[in-house]
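**Student:** With the sequence up front, the predicted model follows.
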Amino acid sequence: MYILKISCIVIGIILTLLDINAYVRQRLSDEIGLLIGSFSTFLIIMGIILHFCMDGDLVITLLIICFCFLLLIIFSLCTAVSVLIMKNRELAMQVSLLNQENERIIHETGIMASIDEK
C-alpha cells in the first residue's frame with residue numbers, strides 16, 4: 001500500500017511538470033493541457049487520500065501502477081496530436097494567405113479581364 005501511495009503522488013507530480021513544460025513550449029493545446037493537469041491533480045489527491053486507507057491488495061497496487069504508466073503514454077500521444085493540430089492551423093492560415101496573394105496577382109496581371117471579355 002505504501003508503494004501505491006508514493007507512486008500515485010510521484011506520477012501525479014511528474015505528469016503535472018510534463019504538462020506545464022509542454023504547455024509552455026506550446027506543444028499542448030489549451031483543452032488537452034487543462035484535462036491532463038486536472039487528472040494529474042486527481043492522482044496527487046488520490047495518493048493523499050490513500051494515505052488514510054490502510055487495507056490494500058497487491059493486485060490493486062500493480063493495476064494502479066500500470067494505469068499510471070499507461071497515462072504517461074497517453075500524455076505523449078496527446079502532445080503529438082496537439083502539435084499536429086497547431087501545425088494544421090498554421091498551414092491553413094498560410095494556404096489562405098497564398099490564395100489571397102494569388103487572387104491579387106491575377107487581378108494585377110489582367111488575366112481575369114481577358115477571361116471576362118471572352
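**Tutor:** It's in.
**Student:** Sketch out the low-pLDDT regions of the protein for me.
**Tutor:** Scanning the chain for pLDDT under 70 picks out 1, 52-63, 112-118.
**Student:** residue boundaries of the strands in it?
**Tutor:** In the chain, no strands are defined using DSSP state E.
**Student:** the longest helix in it is where?
**Tutor:** Using DSSP state H, we find that the single longest helix of the chain is helix 58-109.
**Student:** helices or strands up against it?
**Tutor:** helix 2-24, helix 30-50 (3 or more CB pairs under 8 Å, 6 or more residues apart in numbering; DSSP states H and E). Just so you know, the C-beta spots here come from the backbone N, C-alpha and C atoms, and that holds for glycine as well.
**Student:** TSV for the ones you listed, including distance to residue 73?
**Tutor:** Output for the helices and strands packed on helix 58-109, formatted as TSV (distance: least, CB to CB, whole Å):
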stretch	distance to residue 73
helix 2-24	12
helix 30-50	12
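**Student:** possible to save those as a markdown table with mean neighbour count?
**Tutor:** Listed next are the helices and strands packed on helix 58-109 as a markdown table, based on neighbours: other CB atoms under 10 Å:
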| stretch | mean neighbour count |
| --- | --- |
| helix 2-24 | 17 |
| helix 30-50 | 16 |
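**Student:** Those: which one's closest to residue 108?
**Tutor:** Closest of these to residue 108 is helix 30-50, at 40.3 Å (criterion: CB to CB).
**Student:** From the contact counts, what lies against the closest one?
**Tutor:** helix 2-24, helix 58-109.
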